[in-house]
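[1] Quick one, fold the following:
(one chain, ligands or ions: 2)
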Amino acid sequence: MSPKKSRSKPIKTYSLETELVFNKSADQYNSSVAPLYQSATFKQDSLSNMGEYDYTRSGNPTRTHLQNHLARIMRAKHTFAVTSGMGCLDVITRLLKPGDEVIAGDDLYGGTNRLLTYLHNKGDVKAFHYDTTNTELIKSKITRATKMIFLESPTNPLIKVVDVRSISEHAHKVNPDVVVVFDNTMMSPIFMTPLDLGVDIQYESATKYLNGHHDIMAGVIATRSDKFAEQLYNVINSTGCGLSPFDSWLLSRGLRTLAIRVERQQQNCINVAEFLKNIGFKVRYPGLKDHPQHELHNSMCRGYGAVLSFETGNIKLSERIVESTEIFGIAVSFGCVNSLISMPCKMSHASIDAKTREERDFPEDLIRLCIGIENCDDLIDDLTKALLKSGAVRINERDELFNVVPVQPKL
Ligand SMILES: Cc1ncc(COP(=O)(O)O)c(C=O)c1O
Ligand SMILES: N[C@@H](CCSC[C@H](N)C(=O)O)C(=O)O
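    Ligands and ions are numbered 1, 2, ... in the order given. Coordinates of the predicted model:
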């Protein structure tokens, strides 16, 4: 007996921490962990009595089990697990018709920007990018011709916060058919429930926090709309981008520790943010009270996540810092249990050309830190050594660290 394909009546919900680990499975042997159905096909009883599953591209019990679990965690009616975060965006943009107008943030993740630019340049859609922190500007640009709006908050890596509630409400007033799409990769369901803020379709790169161990690529799409769910499922089944059984099983495993991981990552990140701020760096992190949208962020989220960025004022200096850490690995991505350091302009956001980056006030010397669950003193020690070795900070006569060139980046 496989996990049920869909639930006909609502089940009792618990707090998120409990939902993550308490997951009833309908396995015939009462296995504690839902089984892995590593099978491409499913035999039918007869031609007149077809089973729930026929072919894994169309559906698989392990994927269904994961999706049912995710729906409860994301407070969604329908969720779909696909092969990557970018796979989610590909599926969602296929709901658009030729020539449709879309509005997007000017600080969306580099890969998101790349796909929207590709569709725009091919003439499939007309994509307009604006600073989504300017709520009034965004509102003034939404018209009845706007078919989709792409938002991300806090943005990766400039940590700009978007007023999701206000933009969604206004957009639906101007055009009841507009689809507001939100990328929740940075917050995860632990810190944000975008569907409660008026968003129509939410997606996340599950490669990041949801899985948390950097051993799979995955993406999750969530919605409360039956109409969108039907369309999304049709695209996923038609294109074959549903998550494989084994990756679904691994994602289910990672998901159980989501709360405990991100809470520890966040606490470490707060400590690191304060450490960098105290030695004179201007740090971009929504948990710092001097973040210009700290209050707006608090009004939408239950936490701050574990990604911060800061500038040094000098590209070469930033390069030396990045190359001097030991515990912080030089790698793209975030949300993993181990800490990473990167320069977005050379790595995760290199697909945005230099001219566009400059137009969008994207500092070339920006360093991004993605904090893991290690001992925080070790992390701060590693950073201290890297900052000293690179010449970014010195020690004064009172034995305190100080930033040699304090910078005041534009936020
Ligand atoms: C905010 C954000 N959204 C989406 C993606 C895409 O996810 P994936 O790498 O799983 O395709 C990424 C990173 O890759 C990201 O940082
Ligand atoms: N070479 C990749 C870069 C992936 S960036 C991954 C992640 N979203 C991050 O922000 O670090 C590409 O071209 O997509």
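
[2] residue in the stretch 101-250 of the chain nearest to ligand 2?
    Closest contact between the stretch 101-250 of the chain and ligand 2, by C-beta to the nearest ligand atom, is at G111 (4.3 Å). The way it works is simple: take the backbone N, C-alpha and C, and place the C-beta from them, glycine included.

[3] Spell out the secondary structure type for that residue.
    helix (DSSP: H, G, I helix; E, B strand; the rest coil).

[4] Name the helix or strand for the residue nearest to it when sequence neighbours are not counted, please.
    Distances taken as C-beta to C-beta, 6 or more residues apart in numbering put M86 closest to G111, at 5.2 Å, once the chain neighbours are dropped. Assigned by DSSP states H and E, M86 falls within helix 85-93.

[5] residue contacts, N211?
    A218, L250, L251, G254, L255, G335 (C-beta atoms under 8 Å, 6 or more residues apart in numbering).

[6] Pretty sure the fourth one sits against L210.
    Yes - using C-beta atoms under 8 Å, G254 is in contact with L210, at 6.7 Å.

[7] Show the model's pLDDT score for N396.
    pLDDT for N396: 86.

[8] Just the pLDDT at the residue in the chain positioned nearest to ligand 1, thanks.
    Ligand 1 sits closest to G85 of the chain, with a gap of 2.2 Å, by C-beta to the nearest ligand atom. We have a pLDDT of 98 for G85.

[9] which residues sit in contact with it?
    Per C-beta under 8 Å, 6+ apart, neighbours of G85: G111, D183, T185, Y203, E204, S205, A206, T207, K208, A218, G219.

[10] again with I138
    I103, Y130, T132, I149, I167.

[11] now it: how far from S166?
    9 Å (C-beta to C-beta, to the nearest Å).

[12] For the stretch 251-400 of the chain, which segments count as strands?
    In the stretch 251-400 of the chain, the segments counted as strands under DSSP state E, counting those that start in this stretch are 283-284, 307-310, 329-330, 340-342, 367-370, 393-395.

[13] Turn the ones you listed into CSV, columns for mean neighbour count and distance to ligand 1.
    Below are those laid out as CSV (neighbours: other C-beta atoms under 10 Å; distance: least, C-beta to the nearest ligand atom, whole Å):
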stretch, mean neighbour count, distance to ligand 1
strand 283-284, 24, 15
strand 307-310, 25, 9
strand 329-330, 14, 16
strand 340-342, 24, 11
strand 367-370, 26, 10
strand 393-395, 16, 29
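
[14] What are the boundaries of the helices in this structure?
    16-21, 61-73, 85-93, 110-121, 135-141, 164-174, 188-191, 226-239, 245-255, 258-278, 294-300, 315-322, 354-359, 376-390 (DSSP state H).

[15] Neighbours of the closest residue to D382 other than its chain neighbours, how many?
    Leaving out its chain neighbours, the residue that sits closest to D382 by C-beta to C-beta, 6+ apart is I327, at 4.3 Å. Neighbour count of I327, defined by other C-beta atoms under 10 Å: 18.

[16] for the one 5 residues further on, same thing?
    With neighbours defined by other C-beta under 10 Å, the count for V332 comes to 14.

[17] mind giving me the domain ranges of this protein?
    Domain ranges of the chain: 16-255, 259-403, per automatic domain parsing.

[18] For the residue of the stretch 101-250 of the chain closest to ligand 2, give me the pLDDT.
    94.

[19] The residue nearest to D382: what's it in contact with?
    Counted by C-beta under 8 Å, 6+ apart, I327 has contacts N338, S339, E374, D378, L379, D382.

[20] List the residues that contact the second one.
    Looking back up the chat, that one is S339. Applying C-beta under 8 Å, 6+ apart, we find S339 in contact with N268, I327, F328, G329, L369, C370, I371, G372, E374, L379.

[21] would you list those in TSV and tack on pLDDT?
    Converted to TSV, those look like this (pLDDT from 0 to 100):
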residue	pLDDT
N268	98
I327	98
F328	98
G329	97
L369	98
C370	98
I371	98
G372	98
E374	98
L379	98
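
[22] right, and the pair among those residues with maximum separation?
    Using C-beta to C-beta, the two most remote members of the contacts of S339 are N268 and G329, lying 15.1 Å apart.

[23] Poorly predicted segments of the chain, please.
    Applying pLDDT under 70 to the chain flags residues 1-11, 25, 405-411.

[24] Which residues of it lie near ligand 1?
    By C-beta under 6 Å from any ligand atom, the residues of the chain that approach ligand 1 are 84-86, 109, 111-112, 152, 156, 183, 185-186, 205, 207, 217, 219.

[25] Which of the residues you listed has the largest number of neighbours?
    Ranking the residues of the chain next to ligand 1 using other C-beta under 10 Å puts S205 first, with 29 neighbours.

[26] Quick check, that residue in contact with I216.
    No - here S205 does not reach I216: they are 11.0 Å apart, not a contact under C-beta under 8 Å.

[27] list the residues that contact both of those two?
    Common contacts of S205 and I216 (C-beta under 8 Å, 6+ apart): none found.

[28] What parts of this protein come near ligand 2?
    Y109, G111, N156, V332, S333, F334, S348, S351.

[29] ok, now with 8 Å
    Proximity of the chain to ligand 2, by C-beta under 8 Å from any ligand atom, involves residues 85-86, 109-111, 114, 156-157, 185, 205, 207-208, 331-334, 342, 344, 347-351, 368, 370.

[30] I'd like to know how many residues surround I216.
    By other C-beta under 10 Å, neighbour count at I216 equals 21.

[31] Going forward, count from 37.
    Got it, the first residue is 37 from now on, which makes the last one we talked about I252.

[32] which residues does it contact?
    With contact taken as C-beta under 8 Å, 6+ apart, I252 is in contact with A242, T243, D283, L286, L287, G290.

[33] just Q329 next, same as before
    T169, K196, V197, P322.

[34] make it 7 Å
    Going by C-beta atoms under 7 Å, 6 or more residues apart in numbering, Q329 touches T169, V197.

[35] List the buried residues in stretch 255-267.
    G255, V256, I257, A258, T259, R260, S261, F264, A265, Q267 (16 or more other C-beta atoms under 10 Å).

[36] Isn't the second one up against H105?
    Read that as V256. No - V256 lies out of contact with H105 (C-beta atoms under 7 Å); the separation is 10.6 Å.

[37] Narrow the contacts of N247 to just the buried residues.
    By 16+ other C-beta under 10 Å, the contacts of N247 give A254, L286, L287, G290, L291, G371 as buried.

[38] In this structure the third one contacts L102, no?
    Spelled out, it's L287. Yes - judged on C-beta under 7 Å, L287 makes contact with L102 at a distance of 5.8 Å.
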